[in-house]
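**Q** The sequence and its predicted three-dimensional model are supplied below.
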There are 2 protein chains.
Amino acid sequence: MKRKITLKQIAKELDVSISTVSKALRNSNEISDDTKEKVQAFARLYSYRPNNIALSLKNRKTKTIGVIIPEIVHYFFSMVIRGIERVALDRHYNVIVGLSNESFDKEVINMETLANGSIDGFILSVSKETLFKQDYHHFNETINQGMPIVMFDRIINEIQCDKVIVDDIEGSKKAVNKLIGNGCTHIALISTKDYVSVGRLRTEGYMNALIEHQLPVNPDLILKVDDKLESEDYLEELEGKVEQLFKENKNLDAVFAVNELYAVTAMKVARKLGLSIPDDVQVIGFTDGVLSRHATPTLTTIKQHGHYLGEQAANLLIDRLENDIEIDEEDEVYQTLVIETELIERESTK
Amino acid sequence: MKRKITLKQIAKELDVSISTVSKALRNSNEISDDTKEKVQAFARLYSYRPNNIALSLKNRKTKTIGVIIPEIVHYFFSMVIRGIERVALDRHYNVIVGLSNESFDKEVINMETLANGSIDGFILSVSKETLFKQDYHHFNETINQGMPIVMFDRIINEIQCDKVIVDDIEGSKKAVNKLIGNGCTHIALISTKDYVSVGRLRTEGYMNALIEHQLPVNPDLILKVDDKLESEDYLEELEGKVEQLFKENKNLDAVFAVNELYAVTAMKVARKLGLSIPDDVQVIGFTDGVLSRHATPTLTTIKQHGHYLGEQAANLLIDRLENDIEIDEEDEVYQTLVIETELIERESTK
DNA sequence: TTTCAACACGAAAACGTTTTCGTTGTCAAT
DNA sequence: ATTGACAACGAAAACGTTTTCGTGTTGAAA
């Protein structure tokens, strides 16, 4: 077992100073060709690589970005991570991942442990509990310490930082417009409670589409289910609610759901009630994940381009990190990028 | 914007030495209560937190573990990460994630950039290309440098390190035994090429079960598809192969597939051919992911407990890191943990 | 022979900690 | 008055780099 070699050891072996070794390796012209040769050969032989930690300490930057997401076993979020990791690798950054698990405390802890020098900036999507409590002190504190944050998807408008969001309103409108275009008039919405920004926005898009087509917004057709029902553990309860929705609205001819799970559940319930998809009921979901592609029937859905979103977020953060000309003034200007959605038509619509 | 405060600044403000501040904050009894009070109050006021990078450099350990996986948009792998992250958080470690994307080069690059001081040890699952090329130099080198590795799921027997694996052979046997118990006699296998360890092992389990029940192993019933067909981009090609399998074996009465995608594809093809599940054909998959739970019909499958596997892997690594009494001798003893599988019965079997 | 530039290299500081080992000053015991 | 112990603190090294600023040596120009 040969431990990693350092400049000091090379210097001692070759009987030169540490500075000489450092310069020789960086091809400084302060050093004679002879010495360079010697040093570089030796370094190659022992496969010297500079210690990242020492570099980080010296440069006061770690070339690492911290990503905090509520959940990783989730198509959209893992797709975003993939995008982040891709540009991070390209631009020579590392990615530290923290999971909030939708918990405020874990979000805070994760951020605090990372903010003490381990990373140069954050990319994050806010946990539901944080959105609910509306306690944003940890975001403000990190920003105040000069550490940039890029928020994505679940964002907080009041926080001054770069943001990348999916065009939820437009996306939902696309979906509902499609249903309307297909002749549906009693379109149900299955959404989350309003404090989850994406649920609120997608609801807004749904209503906008209806209003624009002068269709009535019928509250009975809107089901806002509790968060916990997004967990696999409460599937039956979710199914119950959806079944109730179907039974109380016999004229229902379409469903727009704000995520995959709600959409496939709607399809399952419809099938159970003897309704045919897409003939009796048409269904559109949100997120073009593995479920949408392999459900029966395959699900028409709104694709969010999570991979691209991740790339944009990472570029935004790294750009800011590297352009840090210490503007420092209070006139920092932040961007909000909006990622267009795409309607993917499959078998669940006509 | 107030930058993070350091010991030096506190020392200057309070007109004491850096050492005094450091000791006062750690409650050393070398320091008078008066001074402690003063320093601690000041530190609290400015919310001082020690700089992780400086600590890492001093202690020569980063309290960070590097995780390299082939793919993150994948139920099993993201479940493992969740497990790793959970114990990492508990035991005060960070998690850096690198994706090899099944590429040898990316695996090597990711490992090289992390191995230079950024992390204390690796948890990884080997990329397919690496398994195929059988080039393991990067693993040997990192281990030789004294950096521990824990391999999981896709492991390499020749490499001396801790391992955590799913009991693939037993798991497959359970599945096939179930099918046999249900009266099936012509059980097809849809697997990957043999160089992917899990494909090989699951094939072995399949054969073992047949042999133990004195059923013939019919090569025509074994479909080993190319890796690329695991990608969503080659769905049609995969479907073609599976359809061919069905057509050439009219007596086929069950399918055991080594992953979810193959299993749902088999169900889709069966349905297309007018076969009813589970009456005409019974299907069992591997990995209890979102697909299995929401496919139509829901899929009987072998659950791998990826979350638990991740926890075990992380504990194994951290234990080794913290017990590093520099054994250093060549008599290091490594463990291989085997995680039991579980048969989850659903609608695709009788 | 003197002077000066160019060359090749080394010393030291700095990044932010922790820790070892002094160095004072005070007070009690001899 | 001398010794010793103890309390309270500081200086400095160390972790591994990079970089600035010397410094000594050489050779050529004056």
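**A** Yep, it's here. Residues are numbered from 1 along each chain as shown, chains lettered A, B, ... in the order given.

**Q** Following the chain past the host helix or strand of A:Glu85, name the next helix or strand.
**A** Following DSSP states H and E, one finds A:Glu85 within helix A:75-90. Using DSSP H and E, the helix or strand that follows helix A:75-90 in sequence is strand A:94-99.

**Q** tell me the angle of that next one relative to strand B:94-99?
**A** Orientation of strand A:94-99 against strand B:94-99 (axes from the mean of the first three to the mean of the last three Cα atoms, to 10 degrees) gives an angle of 120 degrees.

**Q** Can you list the residue ranges for strands in the stretch 201-350 of chain A?
**A** A:222-225, A:254-257, A:282-286, A:300-303, A:336-339, A:342-344 (DSSP state E, counting those that start in this stretch).

**Q** and the ones you listed as JSON lines, adding mean neighbour count, distance to A:Asp168 and mean pLDDT?
**A** In short, each C-beta sits where N, CA and C put it, glycine included. Output for those, formatted as JSON lines (neighbours: other Cβ atoms under 10 Å in any protein chain shown; distance: least, Cβ to Cβ, whole Å; pLDDT from 0 to 100):
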{"stretch": "strand A:222-225", "mean neighbour count": "18", "distance to A:Asp168": "15", "mean pLDDT": "95"}
{"stretch": "strand A:254-257", "mean neighbour count": "29", "distance to A:Asp168": "12", "mean pLDDT": "98"}
{"stretch": "strand A:282-286", "mean neighbour count": "28", "distance to A:Asp168": "8", "mean pLDDT": "98"}
{"stretch": "strand A:300-303", "mean neighbour count": "26", "distance to A:Asp168": "9", "mean pLDDT": "98"}
{"stretch": "strand A:336-339", "mean neighbour count": "16", "distance to A:Asp168": "10", "mean pLDDT": "98"}
{"stretch": "strand A:342-344", "mean neighbour count": "15", "distance to A:Asp168": "13", "mean pLDDT": "97"}
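
**Q** Turn the ones you listed into TSV, including distance to A:Lys174.
**A** Listed next are those as TSV, based on distance: least, Cβ to Cβ, whole Å:
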stretch	distance to A:Lys174
strand A:222-225	19
strand A:254-257	10
strand A:282-286	9
strand A:300-303	7
strand A:336-339	14
strand A:342-344	5
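
**Q** So which of those strands is nearest DNA strand C?
**A** strand A:336-339 (31.9 Å; Cβ to the nearest atom of the strand).

**Q** What lies in contact with that closest one?
**A** A:162-167, A:304-305, A:308-309, A:312-313, A:316 (Cβ atoms under 8 Å, 6 or more residues apart in numbering or on different chains).

**Q** Run through the stretch 251-350 of chain A and note the low-pLDDT ranges.
**A** Applying pLDDT under 70 to the stretch 251-350 of chain A flags residues A:324-331.

**Q** quick one: the helices in it?
**A** A:260-272, A:290-294, A:306-322 (DSSP state H, counting those that start in this stretch).

**Q** nearest to B:Asn140, of those?
**A** helix A:306-322 (32.1 Å; Cβ to Cβ).

**Q** The closest one vs chain B: in contact?
**A** No: Helix A:306-322 is not in contact with chain B by Cβ under 8 Å from any Cβ of the partner chain; minimum separation 8.7 Å.

**Q** Compute the inter-axis angle for that helix and strand A:94-99.
**A** Per the same axes, to 10 degrees, the angle that helix A:306-322 makes with strand A:94-99 is 120 degrees.

**Q** for helix A:306-322, the distance to its chain's centre please.
**A** Relative to its chain's centre, helix A:306-322 lies at 11 Å (Cα atoms, centre = their mean, to the nearest Å).

**Q** in it, what counts as buried?
**A** By neighbour count with 16 or more other Cβ atoms under 10 Å in any protein chain shown, helix A:306-322 contains the buried residues A:306-307, A:309-318, A:320-321.

**Q** Contact residues of chain A facing DNA strand D?
**A** With Cβ under 7 Å from any atom of the strand as the criterion, chain A meets DNA strand D at residues A:6-8, A:18-19, A:22-23, A:25-26, A:30, A:48-51, A:53-55, A:57-58.

**Q** Just read off the phi/psi values of A:Phe42.
**A** phi -60, psi -40 (degrees, to the nearest 10).

**Q** Tell me how far it lies from DNA strand C.
**A** Distance, A:Phe42 to DNA strand C, using Cβ to the nearest atom of the strand, to the nearest Å: 14 Å.

**Q** My understanding was that that residue contacts A:Ala11; is that so?
**A** No: counting by Cβ atoms under 8 Å, A:Phe42 sits too far from A:Ala11 to count as a contact (10.2 Å).

**Q** Would you mind putting the CA coordinates of stretch A:161-175 into PDB?
**A** Output of stretch A:161-175 as PDB, limited to C-alpha atoms (Å, rounded to 0.1, in the frame of the first residue of the first chain):
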ATOM      1  CA  CYS A 161     -31.800  33.900  -6.300                       C
ATOM      2  CA  ASP A 162     -31.600  32.300  -9.700                       C
ATOM      3  CA  LYS A 163     -34.500  29.900 -10.500                       C
ATOM      4  CA  VAL A 164     -35.300  27.300 -13.000                       C
ATOM      5  CA  ILE A 165     -38.900  26.200 -13.300                       C
ATOM      6  CA  VAL A 166     -41.100  24.200 -15.500                       C
ATOM      7  CA  ASP A 167     -43.700  26.100 -17.200                       C
ATOM      8  CA  ASP A 168     -46.400  24.500 -15.100                       C
ATOM      9  CA  ILE A 169     -49.200  26.800 -16.100                       C
ATOM     10  CA  GLU A 170     -48.600  26.500 -19.800                       C
ATOM     11  CA  GLY A 171     -48.000  22.800 -19.500                       C
ATOM     12  CA  SER A 172     -51.300  22.300 -17.800                       C
ATOM     13  CA  LYS A 173     -53.100  24.400 -20.300                       C
ATOM     14  CA  LYS A 174     -51.700  22.300 -23.100                       C
ATOM     15  CA  ALA A 175     -53.000  19.200 -21.500                       C
END
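
**Q** Alright, I will stop here.
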